[in-house]
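# Quick check, what structure comes out for this input:
(chains A and B)
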Protein chains: 2
Amino acid sequence: MSDSRFQGKVAVIGAGLVGCLAAIALAKRGYDVTVLEYRQDPRLQSTTDRNLRSINLAISARGIDSLKYVDPELCQRLLHDVVPMKGRMIHDLDGRQKELLYGINGEHINSLSRATLNNDMLDELDTLENITVCFEYKLTNIDWSETKQVCNFTNDKPSKSFDFIVGADGCFSTTREQMKRGVRMDYKQEYIDCCYIELYLPPGKNGQFQLTKNNLHIWPRGKFMLIALPNSDGSFTVTFFAPWKQVDDLMISETKVKQFLLENFPDAMDIMGIDSTVQEFINNPKGPLMCVECNPYSMSNGSGILLGDAAHSMVPFYGQGMNCGFEDVRVLMELLDKYKGDRQVAFNTYTDTRFKDLVAINQLARENYKVMSEKVTSKWFNLYKRIDEAFSTLLGNKWLTMYTMISFRSNISYSDAVRRDNRQHNIIKWLSISGLVTTTLTAFLYTMNSRITE
Amino acid sequence: MSDSRFQGKVAVIGAGLVGCLAAIALAKRGYDVTVLEYRQDPRLQSTTDRNLRSINLAISARGIDSLKYVDPELCQRLLHDVVPMKGRMIHDLDGRQKELLYGINGEHINSLSRATLNNDMLDELDTLENITVCFEYKLTNIDWSETKQVCNFTNDKPSKSFDFIVGADGCFSTTREQMKRGVRMDYKQEYIDCCYIELYLPPGKNGQFQLTKNNLHIWPRGKFMLIALPNSDGSFTVTFFAPWKQVDDLMISETKVKQFLLENFPDAMDIMGIDSTVQEFINNPKGPLMCVECNPYSMSNGSGILLGDAAHSMVPFYGQGMNCGFEDVRVLMELLDKYKGDRQVAFNTYTDTRFKDLVAINQLARENYKVMSEKVTSKWFNLYKRIDEAFSTLLGNKWLTMYTMISFRSNISYSDAVRRDNRQHNIIKWLSISGLVTTTLTAFLYTMNSRITE
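The predicted model follows:
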């Protein structure tokens, strides 16, 4: 695919998942790519060090199709070790379990480890000739100009200059802060009142899964919840979510934590082990959850652009953070191809067309906390889900549930999915009301008729 | 007022208007204050250098009362040279002028020069023993801790440590960016699609004012406008506001600018001089207008707090930016006094109580662009204004116009002003509708009666 229209030196800031994919996609087009990462090479760390801030990943259609778009074989190599999850498994207080399938045709999302995926992608970068990866390069600032963008780093690392910069440096992006100095960027960051703590459910004897393997497990408890995603080694990465005040109140004593966990998640504690879980609960980092939105995503002259969390950090409740970031890469590459490497046009069109989708998924992700932690246990929610799925079964592709459109249909944009779901929702509402009216009217007429004939 | 409860070293970042007032107020309580400003001392600059980015100030009740609160004599000294403006003077396309008074009792806001006020306040800082002012100290980052906050600067300036930090470093506040690293801060910045260009109307022969002295002059033209505020030397500081695209389109040629100005502001060009104004229009900086909101305003342990534009940059259309910043200082000092110097409680209470007011004025300021550039020429607006003022005349303090509450009543908070105005607005609407219904009904009954008696 290498092409003279795609010549030039590009810096990709951040060697996370989105940064790696962007680097590969750009290198395949012919750009000379340098990836700059402020941390040290994660592959040099001990494999037993869990980073405890991961919130396991679930890759679905948008992520997979974007990987395939960049390199079908790479996609296969990267996803050899995923664990399919075909539905949510809801655990009630008495330990009863109930499965809610994600799709009506057995569609599934796929659990995988962020660390493994990231390391595999870094290995991939090493195989590509026109990619250089520099670790321990912490960006301090960028001198923007029409022609050369000079990146400066901490610790007397030498400055480097590039034709353009791709910022994939996460929700606290330095690239974004530097772009704010050169473009009138609207920007919003908002924390939701939710803290997360990563916990761990080890494999059983002989490495078997201690919960059903092919599910995303949820212990929905209203304002707080526990979730567990399977890893290929038989363990589960477990995450606890709750309002900050609740966590702060619990942290007063071990006894309180223990009592709380035993009361609310007795079946989970049985297999996780209450004592080790209490210690993890107390000692593991308490993570905040932040939403980020900005506009535009790029410098107006095409000298820089933001992808992934740097542009649209979202809360993890729709499992779309990485999927959306990978989709960013696909959308941007399609525009670069369409406009024959004209970055100014491609980048500006990217903001113009992508903003509404990124706002839509950011909002959906926020709303889905209530779905996971509360609504999944509601009779109304489950009734609505059944009606919604019945229509989908009847009408095929003309009626798709929101979850299906978001997670299993990469050809439907996030904003289109919201629009279609709103329409479907209105139809169900209208049918329910007319059903109710018809029933009431029939009953009324029947009563009247009885009286008249009496 | 010096008191052992107010001991400690405080850094005030920024020697602008709000930083200076905060420094004086803190010093008077007994704190050891260091003001750190990244620019050089403005008093060393030539007085003929206008900075061309000022948008003249109008000080009104909240600003004046806050100055008085800090030091009544200081207030008198600082405001000796203001020019009272008792109303807007609207200029139509034919050069006709119409005055719209600000208050029904001759209340006025006061035009003054930002540069003069700032220099006078800096002179004041020099007279206070426990204030040190350091110019050319550009903050790079702050190391926060429970006890000492270490400020680091560019150009190998020595680091300095403080008990707490007051960030008054404007809309692009570095203090705020550093606080984001230590506190979960919601933050929003949004540019409005409006560019401003500062222009100049010199004094006439013998230094007389070439427009009525005691007015804020407006040439409202819908999407764009020109305004002029009097200076005590007989000149006016003139500002042009318009959407960016319009300015970009005009900037293509001198001829276009000239034609545009002559067509839209013929009377202003007569006295400003078309040729010099065209040159200023083309060469002067084009300023953006940004709104900033954040929450909380402080570090949770009381180690830092944001005041003025650093916390709530607003567009200039309600003339409240500085007034609100000065009020910040008063509100914070009242809380520090109330809680006997307990910064943690005082700062957290500040966010809890002040946020709704700062959001309210930020929103009002945005909405007032339409009022100034368009609504002032509308018959409905002027009819409503007369009804509103009639009620105020009848009911005294029980009914105050929004403008009066915001600009002339510092005892009514911004959010209360909005609440009261909404209620009044609903009453007027309700009375109008019932008036209309009564009239229609009377007319209908009269017609019916005529027909029956015919």
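
# near chain B, which residues of the stretch 201-350 of chain A?
Residues of the stretch 201-350 of chain A lying near chain B by CB under 8 Å from any CB of the partner chain: A:288, A:290. All C-beta atoms are positioned from the backbone trio N, CA, C, and that covers glycine.

# any weak-confidence spans in the stretch 201-350 of chain A?
Residues of the stretch 201-350 of chain A meeting the criterion pLDDT under 70: none.

# in the strand or helix carrying residue A:24, what counts as buried?
Assigned by DSSP states H and E, residue A:24 belongs to helix A:17-29. Neighbour counts over helix A:17-29 (16 or more other CB atoms under 10 Å in any protein chain shown) mark A:17-29 as buried.

# and those as CSV, adding distance to chain B and pLDDT?
Converted to CSV, the buried residues of helix A:17-29 look like this (distance: CB to the nearest CB, whole Å; pLDDT from 0 to 100):
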residue, distance to chain B, pLDDT
A:17, 24, 97
A:18, 22, 98
A:19, 22, 98
A:20, 26, 98
A:21, 28, 98
A:22, 26, 98
A:23, 28, 98
A:24, 32, 97
A:25, 31, 97
A:26, 30, 97
A:27, 33, 96
A:28, 36, 95
A:29, 32, 94
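
# The residues you listed: which two are farthest apart?
The most widely separated members of the buried residues of helix A:17-29, counting by CB to CB, are A:17 and A:29 (19.3 Å).

# Could you find the closest non-adjacent residue to the most centrally placed residue in chain A?
In chain A, the residue lying closest to the centroid (CA atoms, centre = their mean) is residue A:321, at 2.2 Å. Spatially, and ignoring its direct neighbours in sequence, residue A:321 is nearest to residue A:314 (5.6 Å; CB to CB, 6 or more residues apart in numbering or on different chains).

# Pull the number of nearby residues for the one you found.
25 (other CB atoms under 10 Å in any protein chain shown).

# now residue A:253
10.

# go on, residue A:162?
Neighbour tally, residue A:162, other CB under 10 Å: 23.

# I'd like the next helix or strand past the helix or strand where residue A:391 lies.
Counting by DSSP H and E, the element that carries residue A:391 is helix A:379-395. Next along the chain after helix A:379-395, taking DSSP H and E as the criterion, comes helix A:402-408.

# what's the angle between the helix or strand just after that following helix and helix A:379-395?
Sequence-wise, the next helix or strand downstream of helix A:402-408 (DSSP H and E) is helix A:414-453. Computed with axes from the mean of the first three to the mean of the last three CA atoms, to 10 degrees, the direction of helix A:414-453 lies at 100 degrees from that of helix A:379-395.

# buried residues in helix A:414-453?
Buried residues in helix A:414-453 (16+ other CB under 10 Å): A:414, A:415, A:417, A:418, A:420, A:421, A:424.

# Can you read off the pLDDT for the closest residue in space to the fourth one that isn't next to it in sequence?
Among residues not flanking residue A:418 along the chain, residue A:360 sits closest, at 4.9 Å (CB to CB, 6+ apart). pLDDT for residue A:360: 97.

# Now residue A:360: which helix or strand?
helix A:343-373.

# what's the neighbour count on whichever residue of the stretch 301-450 of chain A sits closest to chain B?
Nearest residue of the stretch 301-450 of chain A to chain B: residue A:313, at 12.8 Å (CB to the nearest CB). Using other CB under 10 Å, residue A:313 is surrounded by 22 other residues.

# can I assume it is in contact with residue A:171?
Yes: applying CB atoms under 8 Å, one finds residue A:313 in contact with residue A:171, separated by 3.5 Å.

# Between these two, which contacts overlap?
A:189, A:290, A:292 (CB atoms under 8 Å, 6 or more residues apart in numbering or on different chains).

# so which of those residues comes closest to residue B:398?
residue A:189 (42.3 Å).
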